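S.K.: Mind looking at a prediction? Sequence and model below.
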Amino acid sequence: MTTQLMDYKDAGVDITKADAFVERIKNLVPTTFNDQVLQGIGGFAAVYKLTEEKYLASCTDGVGTKLKLAQTLNKHHGIGIDLVAMCVNDLLCVGAKPLFFLDYMAFGKLDTQVSEELIAGMVDGCRQSGMALIGGETAEMPGVYQGNEYDLAGFSVGEMSPADLYDEKDMNEGDVLIGIASSGFHSNGYSLLRKLVQEDETDLMQELLTPTRIYVKLVNELRRRFPMAMVGASHITGGGIHNIPRMSEKFDYDISGWPALNEMAPVFGKIIPRAGLSGEELYRTFNMGVGLVLLIKKGQADAVQTWLASQGEKHWRLGSIQKGSGQIAPARH
């Protein structure tokens, strides 16, 4: 099976328009801020100064059209994990320790078996993250959602001390970018992925439902063992590789060591050849095998990689940073 799709826009998702929307609201949303808002729109998570000694971080996300595959196969547990993962991995990118999670579920017609399966997945994800699932909302909305359709949103909150918050002042030229393997496509790019799979390819659909990986335990242990090594992190979600400069626009990101297709989770090799996308568009649409990028002090990068290898953690030295303006060199594979 092949396709002539030239970019993600052909599948119904206009990343450029979405980026432009964020830019347009950047001047509007801050009119609600007070002096306690330390980071707002544009970051992976918002940061709020609760006291001089304690900050709160919060973020929200959904699962996107991966939901449609779950509804087709009637398999929903992994989607609950996805919902938690998409939120909690963002918290890690500001240095926060996850505390609790809330969910919102909207159904065309409430199916208690499906909703229970979704909640069970969220519970699984929260246990992996060390978070409490403390509340949520369930809505039945016939006329908005049809038949077995549903949509989800998640909300996570974490805490940190001022010293835990990643600060670009701690970033220096030569610091090393280390990519941690994804479990698959995670929860982005599915408006296109669904067009690349035939209706009878149920095994491949099941593979595409592999839950988004949760990185909390790994990052917590890494920071415990190397408390001064990590100075930034990027969750590779919508926008792909272009999430990396969100660490700081005062540096350029030289990416020369991205994994080859045969080093990624096997599902990439089954799908990517069908896409017919340019290399640039592939890395802008999908995570391309890397779910989380860590920025590590150059003097500790070797030690961190040695420890990751000892844990059987699949990872790659992607490149390094230099003074600049938030530009990223194209990945090569």
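M.R.: Right, received. Where do you want to start?
S.K.: Any stretches of the protein with poor pLDDT?
M.R.: For the chain, the stretches with pLDDT under 70 are 1-19, 21-22, 41-42, 330-333.
S.K.: please redo it, this time with the cut-off set to 80
M.R.: Applying pLDDT under 80 to the chain picks out residues 1-27, 40-42, 330-333.
S.K.: what's the domain layout of it?
M.R.: Split into domains by automatic domain parsing, the chain comes to 33-160, 168-323.
S.K.: Show me the one of the ones you listed that comes nearest residue 26.
M.R.: Of all these, the one in closest proximity to residue 26, counting by C-beta to C-beta, is domain 33-160 (5.8 Å). C-beta: built from backbone N, CA, C; applies to glycine.
S.K.: Any idea how far apart the tips of the closest one sit?
M.R.: End-to-end distance for domain 33-160: 20 Å, by C-alpha to C-alpha, to the nearest Å.
S.K.: how far away is the nearest residue to residue 168 once chain neighbours are set aside from residue 294?
M.R.: If you skip the residues right next to it in sequence, residue 168 has residue 248 as its closest partner in space, 3.8 Å away by C-beta to C-beta, 6 or more residues apart in numbering. The spacing between residue 248 and residue 294, counted by C-beta to C-beta, to the nearest Å, is 14 Å.
S.K.: Name the residue in these two with the higher neighbour count.
M.R.: Neighbours of residue 248 and residue 294, each counted by other C-beta atoms under 10 Å, are more numerous for residue 294; the result is 27 against 20.
S.K.: so how far is stretch 39-50 from its chain's centroid?
M.R.: 16 Å (C-alpha atoms, centre = their mean, to the nearest Å).
S.K.: My read is that residue 170 contacts residue 231, right?
M.R.: Yes - using C-beta atoms under 8 Å, residue 170 makes contact with residue 231 at a distance of 4.5 Å.
S.K.: Could you check which of those two is surrounded by more residues?
M.R.: Remark: of residue 170 and residue 231, residue 231 carries more neighbours, 22 against 15, as counted by other C-beta under 10 Å.
S.K.: Helix or strand: which one has that one?
M.R.: Assigned by DSSP states H and E, residue 231 belongs to strand 230-235.
S.K.: helices and strands around that strand, which ones?
M.R.: With contacts taken as 3 or more C-beta pairs under 8 Å, 6 or more residues apart in numbering; DSSP states H and E, strand 230-235 sits against helix 77-92, helix 216-225, strand 290-296.
S.K.: Can you tell me which of those is most buried?
M.R.: Of the helices and strands packed on strand 230-235, the one with the most neighbours on average (mean count of other C-beta atoms under 10 Å) is helix 77-92, at a mean of 28.
S.K.: would you put the C-alpha positions of it in CSV?
M.R.: Presented in CSV, the C-alpha positions along helix 77-92 are these (Å, rounded to 0.1, in the frame of the first residue of the first chain):
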residue,chain,number,x,y,z
HIS,A,77,-7.7,0.8,28.1
GLY,A,78,-4.6,2.0,26.3
ILE,A,79,-6.4,5.3,25.4
GLY,A,80,-6.7,6.0,29.1
ILE,A,81,-3.0,5.5,29.5
ASP,A,82,-2.4,7.8,26.5
LEU,A,83,-4.4,10.6,28.1
VAL,A,84,-2.3,10.5,31.3
ALA,A,85,0.9,10.2,29.4
MET,A,86,0.3,13.2,27.1
CYS,A,87,-0.2,15.4,30.2
VAL,A,88,2.3,14.0,32.6
ASN,A,89,5.2,13.9,30.2
ASP,A,90,4.7,17.7,29.6
LEU,A,91,5.1,18.3,33.4
LEU,A,92,8.5,16.6,33.3
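S.K.: what inclination does the helix or strand following that helix have with respect to helix 216-225?
M.R.: Counting by DSSP H and E, the element after helix 77-92 in chain order, helix or strand, is strand 97-107. Here strand 97-107 runs at an angle of 170 degrees relative to helix 216-225 (axes from the mean of the first three to the mean of the last three C-alpha atoms, to 10 degrees).
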